[in-house]
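S.K.: Predicted model follows, preceded by the sequence.
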Amino acid sequence: MKTLLTLFVLFFSFSVVADDVSSIKIEGMSIGDSLLNYFSEEEIRNNQTNYFPHTFIASSFKKHKSFKHYDAVEVYYRDDDNKFIIYLISGVIDYKNNINDCTLKLNAIENNLLSIFKDVKKQSGSQKHRMDKSGKSKWWGTEFYLNSGDSIGVKCFDWSTEMKFIDNLSINISSKYFKDWFEKNIK
């Protein structure tokens with residue numbers, strides 16, 4: 001029997017049904033929701049970024065007036081979907097020149113996720129970020145693989161000064177559908 005649990009992580013919370021990421025929310029949004037419930041079509045289209053050549057497109061929202069916990073949210077949906085159904089959602093919290101606090105929050109989130117998802121498979125790691133040709137930028141974190149095929153990733157990004165990005169914590173919630181598509185078409 002699935003149990004409803006509530007996870008309070010730092011200053012934001014998720015409501016979680018074990019092994020179901022559709023109940024995890026970032027700024028009120030979750031996998032399977034229509035982005036139109038949160039933004040107008042004009043806002044969605046004005047914030048689009050096409051990272052991939054086909055199938056999925058993203059909208060990125062930074063410092064939005066409705067955000068209470070995140071500095072930015074990025075949402076992926078099918079490029080042929082006029083309902084903008086969410087397949088992946090990512091929340092970002094900035095840590096300008098404060099990567100130690102990012103690591104503390106990452107550890108707290110990981111521990112809370114492990115307390116909720118008892119039989120979850122996880123993979124932790126760190127590496128240099130491939131976008132930074134100097135090799136000075138790096139990331140570390142953990143990916144949690146649920147039995148449903150959905151996943152939750154939590155990472156800290158420590159950017160070199162040359163990259164001109166803000167150090168940050170990223171929480172990604174991905175549907176199995178998006179993950180399978182990505183692995184088949186992009187990796």
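M.R.: Cool, the structure landed.

S.K.: and the end-to-end length of stretch 26-38?
M.R.: End-to-end distance for stretch 26-38: 12 Å, by CA to CA, to the nearest Å.

S.K.: Report the buried residues of that stretch.
M.R.: Neighbour counts using 16 or more other CB atoms under 10 Å place 26-27, 29-31, 33, 35, 38 of stretch 26-38 among the buried residues. Where C-beta positions appear, they are placed from N, C-alpha and C, glycine not excepted.

S.K.: Switch these over to a markdown table; also include pLDDT and secondary structure.
M.R.: Formatted as a markdown table, the buried residues of stretch 26-38 follow (pLDDT from 0 to 100; DSSP: H, G, I helix; E, B strand; the rest coil):
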| residue | pLDDT | secondary structure |
| --- | --- | --- |
| 26 | 93 | strand |
| 27 | 94 | coil |
| 29 | 94 | strand |
| 30 | 94 | coil |
| 31 | 95 | coil |
| 33 | 96 | coil |
| 35 | 96 | helix |
| 38 | 95 | coil |
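
S.K.: Format the residues you listed as JSON lines; extra columns: distance to residue 100.
M.R.: Converted to JSON lines, these look like this (distance: CB to CB, whole Å):
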{"residue": "26", "distance to residue 100": "24"}
{"residue": "27", "distance to residue 100": "25"}
{"residue": "29", "distance to residue 100": "29"}
{"residue": "30", "distance to residue 100": "30"}
{"residue": "31", "distance to residue 100": "31"}
{"residue": "33", "distance to residue 100": "34"}
{"residue": "35", "distance to residue 100": "34"}
{"residue": "38", "distance to residue 100": "32"}
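
S.K.: With respect to residue 75, which of those residues is nearest?
M.R.: Nearest to residue 75 among these: residue 35, at 5.7 Å, using CB to CB.

S.K.: I'd say the closest one and residue 58 touch.
M.R.: No - in this structure, residue 35 is not within contact of residue 58 by CB atoms under 8 Å, at 10.6 Å.

S.K.: Which other helices and strands does the longest helix along the chain contact?
M.R.: Counting residues, the longest helix in the chain under DSSP state H turns out to be helix 99-116. Contacts defined by 3 or more CB pairs under 8 Å, 6 or more residues apart in numbering; DSSP states H and E place helix 99-116 against strand 4-9, strand 138-145, strand 151-158, strand 168-174.

S.K.: The next helix or strand after that helix pairs with which strands?
M.R.: Counting by DSSP states H and E, the next helix or strand C-terminal to helix 99-116 is strand 121-128. According to DSSP bridges, strand 121-128 forms sheet pairs with strand 138-145 (antiparallel).

S.K.: Alright, I will stop here.
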